[in-house]
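**Q** Curious how this folds, go ahead:
(2 chains)
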Amino acid sequence: MSKPDMSVTIAGVTFKNPVLTASGTFGSGMEYAEFIDLSLLGGVVTKGVSNVPWPGNPAPRVAEVSAGMLNAIGLQNPGIDVFIERDLAFLKNIDTKVIVNVCGKSVEEYLEVVRRLQTEAVDMLEINVSCPNVKEGAIAFGQNPDALYDITEKIKKEAAQPVIMKLTPNVTDIAEMARAAEAGGADAVSLINTITGAKIDIERRQFVLANKTGGLSGPAVKPVAVRMVWQAAQAVSIPVIGMGGIATAEDAIEFMMAGASAVAVGAMNFHDPYTTVRVVRGMEEWCSSHGVEDVSSLTGIVK
Amino acid sequence: MKTAGNRSIHEEVRERRSRIADMKKKTEMTVLDSRMLAPEIWSMELAYTPEDAPDDVKPGQFCGLYPQGGDMLLMRPISICGWNPARRALRFVYRVAGRGTRSFTTLRQGDRLQMLGILGNGYDMDLLAGRHVLLLGGGIGIPPMLGLAQALRSAAERGADTKVTAVLGYRDRALFLKEEMEACADAVCVATEDGSIGTKGNVLDAVREQGIRADVICACGPLPMLRAVKQYADREKIPAFLSLEERMACGVGVCLGCVAKTTKKDEHSQVNNARVCVEGPVFAAEDVEL
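**A** Here you go, the predicted model:
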């Protein structure tokens, strides 16, 4: 049998394979380029970037839990100026698609970053309306369907690239949120961001994280993510990018079957910097051994 | 504003490449030795395969050791206590602090262990060689100080007129690594919190009691000790380098989990939050706020 077609197309952007990096778990690729060939990936989704540098939260910012981790980084980032000069300059020379994750504390802050990226070599934007670890903005836009519709519509008016709205699982009805993003004009949705959690050190009688609560990620969240990707995919006709605890090619295939057009590897990058490449290779092998000629044919086959 | 963006990307990549010298990788190590030195303090020696062995290891660098057990994902950052190029072996001396480090104690000679390394910046040996260096190690901060003392000893044998004084702080009479430190340092003093051996108190109490005066200080230990060393160094106008510890996820500068407050703009985000895993773990005392 000939090699399977691993490419997928989302909002007119064709990726060589469906494997992306989850925002915040891969920087802009510079560090992991010391371990893997980034051009083997479908795309790199950058860590969230804001209009000005953000210092993030106090440490400790990370904690381990069973089959996962909690983080409360607080979107520390150098701001759009350094990001364009340094990170985008680096990514420009890599043969992979570039998706920039955008964050802000107000609609205007998001728009400022979106405008700055209009003329840059960026394939898509992912709008972070789902970070649970910053006090203003971010998740506030992602937990109310009217606010989500409103910010999506405003960003779509200014964006030069297709727009992915990244959804939070910390809502009662994910289908309603996906529909709000679609109604606002989103080209795709991605989910899940982390699930809010907490860990207490019982000897010290205090929270482990300085922020008290943090976002849960890793294999522990995968069943929740698969369920939500399926619900979102049933609710909208725009593509869904699925993520949450993907560690293996089989996990990625599961997300595709639930309705994802592409997938992203997140916390498992920290466990093993080679995870993304293993998932890419494993998906291709799985397709070959199962007679799947086109990986995109798997999307949503489980209803 | 000095931004990394003022340098060309090629410069930065070259700098990164030379800094890491192709040494960062996740490898499978073979256990050569594992034994308890004191209650909850263990020593473990891990060998590289010939293909994976690094060219050089600097004192103060660390590795990420992966716990044994399916549901623990993150590596445990452990400072390097020694590097034996002939055996291609790294030595780690660690404290059992939880389930992950506890799992290392079950390893026996010949067992395999996943490791991410070599990580972090390490001590600037060119700067230290030829000076009187005061090493301050508190508790589980002692192991990297032993590695540094051994490297300084080698530098001294190569001709640099280096003098090493080590002050080791323990909780009680359960000492560890003291004899090995005596084998490579010019002088070794001990402080115990309960006063059972040496000076009663902390490492700085011993420094004062013994009237030790050095050109430069290198220290690793609990945060209150490092705060006190920073104050002491500032007051005495002695340059000091502190090896910091923080909870980490990736160990390679991606996740921004392990930040330390810095007095200068940090390299990555320029928000005075440096990554302990990449810009550290060794910082000039004047550059960090503790």
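**Q** my guess is B:Thr165 is in a strand, correct?
**A** Yes. Under DSSP: H, G, I helix; E, B strand; the rest coil, B:Thr165 sits within a strand.
**Q** Following element in sequence after the helix or strand where A:Ile164 lies, please.
**A** Here A:Ile164 sits within strand A:163-166, counting by DSSP states H and E. As assigned by DSSP H and E, the chain's next helix or strand after strand A:163-166 is helix A:174-183.
**Q** before we move on, back to that, check which helices and strands the strand holding A:Ile164 sits against.
**A** strand A:124-128, helix A:145-158, strand A:188-191 (3 or more CB pairs under 8 Å, 6 or more residues apart in numbering or on different chains; DSSP states H and E). Where C-beta positions appear, they are placed from N, C-alpha and C, glycine not excepted.
**Q** Just put these in JSON lines and tack on mean pLDDT, distance to A:Gly27 and mean neighbour count.
**A** Conversion of the helices and strands packed on strand A:163-166 to JSON lines gives the following (pLDDT from 0 to 100; distance: least, CB to CB, whole Å; neighbours: other CB atoms under 10 Å in any protein chain shown):
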{"stretch": "strand A:124-128", "mean pLDDT": "98", "distance to A:Gly27": "15", "mean neighbour count": "27"}
{"stretch": "helix A:145-158", "mean pLDDT": "97", "distance to A:Gly27": "23", "mean neighbour count": "18"}
{"stretch": "strand A:188-191", "mean pLDDT": "98", "distance to A:Gly27": "18", "mean neighbour count": "29"}
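**Q** would you turn these into CSV with distance to chain B?
**A** Formatted as CSV, these follow (distance: least, CB to the nearest CB, whole Å):
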stretch, distance to chain B
strand A:124-128, 15
helix A:145-158, 24
strand A:188-191, 19
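**Q** List the buried residues of the strand holding A:Ile164.
**A** A:163-166 (16 or more other CB atoms under 10 Å in any protein chain shown).
**Q** And for stretch A:254-274?
**A** Here stretch A:254-274 shows A:254-273 as buried, counting by 16+ other CB under 10 Å.
**Q** Equivalent analysis for stretch A:202-215, please.
**A** A:207-209, A:211, A:214-215.
**Q** Any chance you could list what contacts the lengthiest strand in chain B?
**A** The longest strand of chain B (DSSP state E) is strand B:25-38. Residues outside strand B:25-38 that contact it (CB atoms under 8 Å, 6 or more residues apart in numbering or on different chains): A:35, A:272-274, B:42-49, B:52, B:87, B:89-90, B:93, B:104-105, B:107-117, B:174-177.
**Q** mind redoing it with 6 Å?
**A** B:42-47, B:52, B:89, B:107, B:109, B:111-116, B:174, B:176 (CB atoms under 6 Å, 6 or more residues apart in numbering or on different chains).
**Q** and the closest residue to B:Gly69 other than its chain neighbours, how many residues sit next to it?
**A** Among residues not flanking B:Gly69 along the chain, B:Ser103 sits closest, at 5.5 Å (CB to CB, 6 or more residues apart in numbering or on different chains). B:Ser103 is flanked by 18 other residues according to other CB atoms under 10 Å in any protein chain shown.
**Q** Give me the three-state assignment for A:Gly214.
**A** strand.
**Q** do A:Phe141 as well
**A** From three-state DSSP, the assignment for A:Phe141 is helix.
**Q** How about the contacts made by it?
**A** A:129, A:147-148, A:151.
**Q** So of the residues you listed, which two are at opposite extremes in space?
**A** A:Val129 and A:Ala147 (8.2 Å; CB to CB).
**Q** Where do the helices of the chain begin and end?
**A** No chain specified, so I'll use chain A. A:80-82, A:89-92, A:107-116, A:139-142, A:145-158, A:174-183, A:222-235, A:249-258, A:268-271, A:275-289 (DSSP state H).
**Q** was after chain B, sorry
**A** B:9-20, B:99-104, B:125-128, B:142-157, B:178-184, B:203-210, B:223-236.
**Q** what is the mean pLDDT for the shortest one?
**A** Spelled out, that is helix B:125-128. Here helix B:125-128 scores 93 as its mean pLDDT.
**Q** Can you give me the buried ones in that helix?
**A** For helix B:125-128, a neighbour-count test (16+ other CB under 10 Å) marks B:125, B:128 as buried.
**Q** Can you spell out which helices and strands pack onto it?
**A** For helix B:125-128, there is no helix or strand it packs on, judged by 3 or more CB pairs under 6 Å, 6 or more residues apart in numbering or on different chains; DSSP states H and E.
**Q** Check the offset of it from the chain's centre.
**A** 15 Å (CA atoms, centre = their mean, to the nearest Å).
**Q** And for the residue in chain A that chain B sits nearest to, the neighbour number?
**A** Nearest residue of chain A to chain B, counting by CB to the nearest CB: A:Glu85, 2.9 Å away. A count of neighbours around A:Glu85, defined by other CB under 10 Å, yields 17.
**Q** any idea how far it lies from A:Glu34?
**A** Separation of A:Glu85 from A:Glu34 (CB to CB, to the nearest Å) stands at 21 Å.
**Q** From chain A, how far off is B:Ser34?
**A** Distance from B:Ser34 to chain A, counting by CB to the nearest CB, to the nearest Å: 23 Å.
**Q** Correct me if wrong: B:Arg95 contacts B:Gly139.
**A** No. B:Arg95 is not in contact with B:Gly139 according to CB atoms under 6 Å; the separation is 7.3 Å.
**Q** give me every residue that touches B:Ala206.
**A** The neighbours of B:Ala206, taking CB under 6 Å, 6+ apart as the test, are B:167, B:189, B:191, B:199.
**Q** what residues does the stretch 1-150 of chain A put near chain B?
**A** A:27, A:31, A:34, A:53, A:55, A:59-62, A:64, A:66-67, A:73, A:76-78, A:82, A:85-86, A:89-90 (CB under 6 Å from any CB of the partner chain).
**Q** Show me the shaky parts of the chain.
**A** Since no chain was named, I'll use chain A. When residues are selected by pLDDT under 70, those of chain A lie in A:1, A:135-138.
**Q** wait, I meant chain B there
**A** B:1-22.
**Q** measure the residue nearest the centre of chain B to chain A for me?
**A** For chain B, the residue nearest the mean C-alpha position is B:Gly60 (3.5 Å; CA atoms, centre = their mean). In this view, B:Gly60 and chain A are 20 Å apart by CB to the nearest CB.
**Q** one step back: of the helices of chain A, which is nearest A:Glu203?
**A** Nearest to A:Glu203, of these and by CB to CB, is helix A:268-271 at 25.5 Å.
**Q** okay, the closest one in CSV with CA atoms only?
**A** Output in CSV follows, covering the C-alpha atoms of helix A:268-271 (Å, rounded to 0.1, in the frame of the first residue of the first chain):
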residue,chain,number,x,y,z
MET,A,268,3.8,15.3,27.5
ASN,A,269,6.4,17.5,25.8
PHE,A,270,7.7,18.0,29.3
HIS,A,271,7.9,14.3,30.0
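**Q** Packing partners of that helix?
**A** Looks like helix A:268-271 contacts no helix or strand (3+ CB pairs under 6 Å, 6+ apart).
**Q** Other residues contacting that helix?
**A** Against helix A:268-271 from outside (CB under 6 Å, 6+ apart): A:25-26, A:247, A:275, B:73, B:249-250.
**Q** Alright, calling it a day.
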